[in-house]
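Asker: From the sequence below, what's the structure:
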Amino acid sequence: MKLQLLILVALLMVGCTSSKKEALKKIRVVFDTDTNNELDDQHALAYLVFNQDVFTIEAITINTTSSGGNIEMQYAEAVRVLQLCDADTLPVVKGADQSFQQIVTSLDSATYDGHAAVERIIQEAHEPATDKLVVLAVGKLTNVALAVAKDSTIANHIRLVWLGSNYPEPGEHNQNNDTVAMNYLLNKNIDFEMVTVRYGKSSGTSVVTITRQEVGTVMPGLGPRIQKPVTGRHGGEFYCFGDYSVNLFEHIEYHGDPPARSLFDMAAVAIVKDPDWAQVHIRAAPLFVNGTWVERPHNPRQIKIWQNFNRDAIVQDFIASLKRQ
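Answerer: From the prediction side, this is the model:
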């Protein structure tokens, strides 16, 4: 009887230890962003930072798209957001200014465009870990495609979650800024998850909006208050991310009734945190050719497509994350 009791206690202790390990397990993330484009990147980055109980942020890698200026401007905005989130010790690494096609032939050079971010992605992908590194890309896919081109072995160690595309329709900012990089990765054996945008439609991240009223009544004062003010990209001095958010929204156009703005990139962070906040389906990886999606139903290479996002749950969790700081 004593032996049975000892065995039972031992099993309970193992179970408790296992549960604690599971509770402490975090999602390793490299966040790849064109931070100075619009204002959804900034909110996605803040949301990620304010959920470090869920995520281990290994690096923020920067790229340049056709909006928001060059790599220096994109980098500067990322630094501002981290300062306002009281998280400026997180590593921010400059990446590609140009496109995949312009850079890929120079990967043997020590100073190719984007080398610092590309090398950081490769480094983090090779770090010993139980789960794959999540590369959460919310801009063009240049940095990620270059990393795979530079070291093809990392494809087995990465879960790529990309905010981009109006799939199955054409026309979307992140996609259009480097279609070649996107197609390159769609043809590689890498876990590829497409978080759809679908401008103006209820099935994409376009539906994850924050209203003008919410911005004005909820955002002011949210987030930790820092000691030294940060000068925003539109001027002014700010002591917390919530106040900077209000300023960003003052310089952007709202749409719809009630007036609102989509926070596309933030939804990509949200569905990594809680996959129940959207629906996912698996299909053979298509390609984008001459401005049109081409289906390849017999392609054994499959990807995940995310759609039908729970707007209320995502926005409420974002606001709650700021309020907890």
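Asker: need the contact list for residue 156.
Answerer: 189, 190 (C-beta atoms under 8 Å, 6 or more residues apart in numbering). Glycine gets a C-beta too; all of them are placed from N, C-alpha and C.
Asker: quick one: secondary structure of it?
Answerer: helix (DSSP: H, G, I helix; E, B strand; the rest coil).
Asker: next one: the one 4 residues further on
Answerer: Per three-state DSSP, the local secondary structure of residue 160 is strand.
Asker: List the beta-bridge partners for it.
Answerer: Applying DSSP bridges to residue 160 gives these bridge partners: residue 135, residue 192.
Asker: who touches it in this structure?
Answerer: If you count contacts by C-beta under 8 Å, 6+ apart, then residue 160 has 135, 137, 144, 185, 190, 191, 192, 193 around it.
Asker: what's the spacing between it and residue 30?
Answerer: Per C-beta to C-beta, to the nearest Å, residue 160 is found 10 Å from residue 30.
Asker: Quickly list what's touching both of those two.
Answerer: Between them, residue 160 and residue 30 share the contacting residues residue 135, judged by C-beta under 8 Å, 6+ apart.
Asker: Would you mind checking the contacts of residue 160 for buried ones?
Answerer: 135, 137, 144, 185, 190, 191, 192, 193 (16 or more other C-beta atoms under 10 Å).
Asker: pretty sure the first one is touching residue 30, no?
Answerer: Yes - under the criterion of C-beta atoms under 8 Å, residue 135 lies in contact with residue 30, with a separation of 5.0 Å.
Asker: which residues of the stretch 1-150 of the chain fall in strands?
Answerer: Ranges of strands in the stretch 1-150 of the chain, per DSSP state E, counting those that start in this stretch, are 27-33, 55-62, 92-94, 133-137.
Asker: Adding mean pLDDT and distance to residue 198, write those strands out as TSV.
Answerer: As requested, the strands of the stretch 1-150 of the chain are exported to TSV (pLDDT from 0 to 100; distance: least, C-beta to C-beta, whole Å):
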stretch	mean pLDDT	distance to residue 198
strand 27-33	98	20
strand 55-62	98	26
strand 92-94	98	30
strand 133-137	98	18
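Asker: Of all these, which one is nearest residue 71?
Answerer: strand 92-94 (5.3 Å; C-beta to C-beta).
Asker: mind listing what that closest one pairs with, with the direction of each?
Answerer: strand 55-62 (parallel).
Asker: in the strand it pairs with, what's buried?
Answerer: For strand 55-62, a neighbour-count test (16+ other C-beta under 10 Å) marks 55, 57, 58, 59, 60, 61, 62 as buried.
Asker: from these, which single one is nearest residue 44?
Answerer: Closest to residue 44, out of all of these and judged by C-beta to C-beta, is residue 60, at 10.7 Å.
Asker: From the centroid of the chain, which residue is nearest?
Answerer: residue 136 (3.7 Å; C-alpha atoms, centre = their mean).
Asker: Please list all residues in contact with that one.
Answerer: 29, 30, 31, 32, 48, 161, 268, 269, 272.
Asker: What of residue 262?
Answerer: Applying C-beta under 8 Å, 6+ apart, the residues near residue 262 are 40, 205, 206, 207, 208, 209.
Asker: farthest pair in these?
Answerer: 40 and 207 (13.1 Å).
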